[in-house]
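1. Compute the structure for the input listed below.
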Amino acid sequence: MDLSLIKIIETLNVDAVQESITSLKDKGTDLERIKSSVERVLRTKALEFGRSDIPVADVEAFVKFVIGLAEKDIGVSKENDKDNKICTKTLTIQILQDIFDVSTTQRCEQLFGIIENNIHIWKTPFFFSSCKNMILRLCNDLLKRLSRFIDTTFCGRILILLAKSLPLNEKSGLNLPGHFNTQNVTVFDREKKDQHSQHEESEQRMEEGPEEPPQLPSVSSTAGGVDDDMEVGEIRDHRDSFGGTIPMDYNLYFNFWDLQRFFSNPNLLFENDNFTKLENDISNVFALFSAYKIEKPQRQECNGDVSPQHGKAYNNFNYKHENSMEIDYDCDNKNDVKMINLDDKNSDNSFKNNSNIGQRLNVDLSERTFCAKYLTSEKLFPFQMSDSQFRRYFLLQFLIISNYLASRTRPKEALELNSTQEETLQGLMDKCYNLLRETYPNGSRFASSVKKLLLREKQWCSWKADGFPDLFNNSNIQSSSSCDDIKFERKQISTSYVANSIDLGNSELTRLWTIEKDNLTACKNVKRNCIPNLKSFLEEALDELDPEQQVEEKYQSVNDEHYQWMASRFLLMNSDQHINHASQDANMKMFEKPSEKDAIAVFLRRSIQVAAENVPELKSRAQQIQASIEKIKKQENDRLEEQARAAKELEIAKAKELELAKP
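-> The predicted structure is shown next:
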């Protein structure tokens, strides 16, 4: 391959590459050999962009350069347009695949913006059919490399891109067989541990007295054993003690985490007595949530005492102030999240002594979002039961599974619930919604949002159960159906008839009709007199006719048909000169009259001018406007005469030149 072509490719100039390939083709070089060499050079250069020191803007410029090559013709005519391009369409994705393969996940997250910025190009008909599967393969390869818990945001960006770029009926995103992620196994303690040591510790704490409220373990609170019970980055609240812990036993702990087996594979509920087990375990958990509800944080007084509440509607933890927790992110490691209690006297010292703290971020409960894989340690279970976010995740899990059991997307017709099970499931769903509404914060809003989302999920399930009909061509099919298939239903007579009352069948019409008892008196009301007087009407009209106002003729109201009718009717009733001017205008010759609309506009201008001259307050202004209009017309006529005279002189001069040119 010519070295000059390689240098031209490095300049990222599409036109220069096209000219170079054309010249090589004219010299007799095989076209397929040239194209394969260009592809090899492009893919070799793409591997260099895997280094993190190259700016993303340079990589995007290179990708756009390759896209330009795929759209550019070589310049030789061929019957097959596919062979007439400098490079193939799929090469635009192959170079990205090569770059992502040799880049780290952090670098891939930066480079993924290139696909997001240029996805509209690959969605065009020219690229879509060839590049659709390659984009899908590239995204799937990225998802396999990423962690769902560490790279949650990046995974979400990839899924959002696929959802926006691929059509709605794309089979790769429909889960046609209805498979579940059964590999998501929840591991927990399936054997009861020795509780003797824990019992002695609880008795020792009761003897020491409730001077210091028990604090939840955090990442930075202790060293060593905490790593076994709490995952790095897991967020928890610091709560006051309500005088004891939620009564827990191993059976409740075991049954709670054993429910995840049904949540990951709901089809197990149709086997043996699994549904009965689900009903019993869920009922026990709901009973616990109902007995120990999470209420709104109480207001804390200046002396540190908590203001008492009226009555005892709750038997649960009392939160501290919403802003009593702060999260500090280490600049070097974003996963290292440290819990700091602002009520602790040593919290200020912890800020001063820690030199790696970037900044303090106040986190409100309503804004706290964190994707965590909760630990299943038995020692953490009581604290998890008092966490509002943890409760919401569990309740939402149950609602999603219940929505699936009530849908029509199951692969086998035999997998159906009987009527008793459906009633039981509906009752559990109602209890679940009530618990969501009672969970602080914004429980009612959260429950209503979940309900709307699950309703849309039912529509999606119905669409899948009906065999994925084409939603876009459905309207054409319905419009082509015959009119005989349309059934008209007679409107039923309203049963809410009240004697001696007016009901026009429409609430707005009924309201307008019943504003006044006597409609005739209401019509004669002085406030309804919207007709202006002659002076104010003429003032507004003269403002538009005045040349100093610089209102173009096509924008004047006299050219509006509605205004023409209204003004003619108004002047006929209020101006005597309107009739006289109309009779004078009728004496015009037929060939002098313009079109009907323009004739009415000219007539109204003159009629308004005459009517204004007969009003003492407007006479001087009307005459001034008329003089200005005549002056402008005279200037326009003089200009036209001058142009005509110049044109005539030019014709005479040309005629003389022709005479002199004759032999």
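
2. Give the buried residues for stretch 263-274.
-> By neighbour count with 16 or more other C-beta atoms under 10 Å, stretch 263-274 contains the buried residues Phe263, Ser264, Pro266, Asn267, Leu268, Leu269, Phe270. (Glycine included, C-beta is placed from N, CA and C.)

3. Give me the residues contacting it.
-> 180-182, 184-186, 261-262, 275, 278, 397-398, 401, 404-405, 410, 414-417 (C-beta atoms under 8 Å, 6 or more residues apart in numbering).

4. Cross these against helices and list the overlap.
-> Assigned to helices by DSSP state H, the following of the contacts of stretch 263-274 qualify: Arg261, Phe262, Phe275, Leu278, Gln397, Phe398, Ile401, Tyr404, Leu405.

5. Narrow those residues to those that are buried.
-> Phe262, Phe275, Leu278, Gln397, Phe398, Ile401, Tyr404, Leu405.

6. Farthest pair within these?
-> Greatest spatial distance among these (C-beta to C-beta): Phe275 and Gln397, at 16.4 Å.

7. Return the residues in contact with Gln94.
-> So Gln94 contacts Arg43, Met134 (C-beta under 8 Å, 6+ apart).

8. 7 Å instead, please
-> Arg43 (C-beta atoms under 7 Å, 6 or more residues apart in numbering).

9. wait, is it part of a helix?
-> Yes. Counting by DSSP: H, G, I helix; E, B strand; the rest coil, Gln94 is found in a helix.

10. And it, how far from Glu279?
-> Counting by C-beta to C-beta, to the nearest Å, the gap from Gln94 to Glu279 is 54 Å.

11. Pull the contacting residues for Phe570.
-> Phe537.

12. and it, backbone torsions?
-> phi -70, psi -50 (degrees, to the nearest 10).

13. Distance of it relative to Thr90?
-> Counting by C-beta to C-beta, the gap from Phe570 to Thr90 is 73 Å.

14. can you check Trp463 too?
-> The gap separating Trp463 from Thr90 is 32 Å, by C-beta to C-beta.

15. Likewise for Ser419?
-> 55 Å.

16. With Ile282 instead?
-> The value you get for Ile282 to Thr90, if C-beta to C-beta is used, is 51 Å.

17. again, but for Ala61
-> 20 Å.

18. In terms of neighbours, single out the busier of those two.
-> Thr90 (15 against 12; other C-beta atoms under 10 Å).

19. ok, the more buried one touching Asn133?
-> No. Judged on C-beta atoms under 7 Å, Thr90 makes no contact with Asn133 at a distance of 9.2 Å.

20. which residues do those two both contact?
-> Joint contacts of Thr90 and Asn133 (C-beta under 7 Å, 6+ apart) do not exist.

21. Restricting to C-alpha, output stretch 276-292 in PDB.
-> Output of stretch 276-292 as PDB, limited to C-alpha atoms (Å, rounded to 0.1, in the frame of the first residue of the first chain):
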ATOM      1  CA  THR A 276     -49.000 -21.500  51.200                       C
ATOM      2  CA  LYS A 277     -45.500 -21.100  52.600                       C
ATOM      3  CA  LEU A 278     -45.300 -17.800  50.800                       C
ATOM      4  CA  GLU A 279     -48.600 -16.700  52.300                       C
ATOM      5  CA  ASN A 280     -47.500 -17.600  55.900                       C
ATOM      6  CA  ASP A 281     -44.100 -16.000  55.700                       C
ATOM      7  CA  ILE A 282     -45.300 -12.800  54.100                       C
ATOM      8  CA  SER A 283     -48.100 -12.500  56.600                       C
ATOM      9  CA  ASN A 284     -45.600 -12.800  59.500                       C
ATOM     10  CA  VAL A 285     -43.300 -10.100  57.900                       C
ATOM     11  CA  PHE A 286     -46.300  -7.800  57.300                       C
ATOM     12  CA  ALA A 287     -47.400  -8.300  60.900                       C
ATOM     13  CA  LEU A 288     -43.900  -7.300  62.100                       C
ATOM     14  CA  PHE A 289     -43.900  -4.200  59.900                       C
ATOM     15  CA  SER A 290     -47.400  -3.200  61.100                       C
ATOM     16  CA  ALA A 291     -46.400  -3.600  64.800                       C
ATOM     17  CA  TYR A 292     -43.200  -1.600  64.500                       C
END
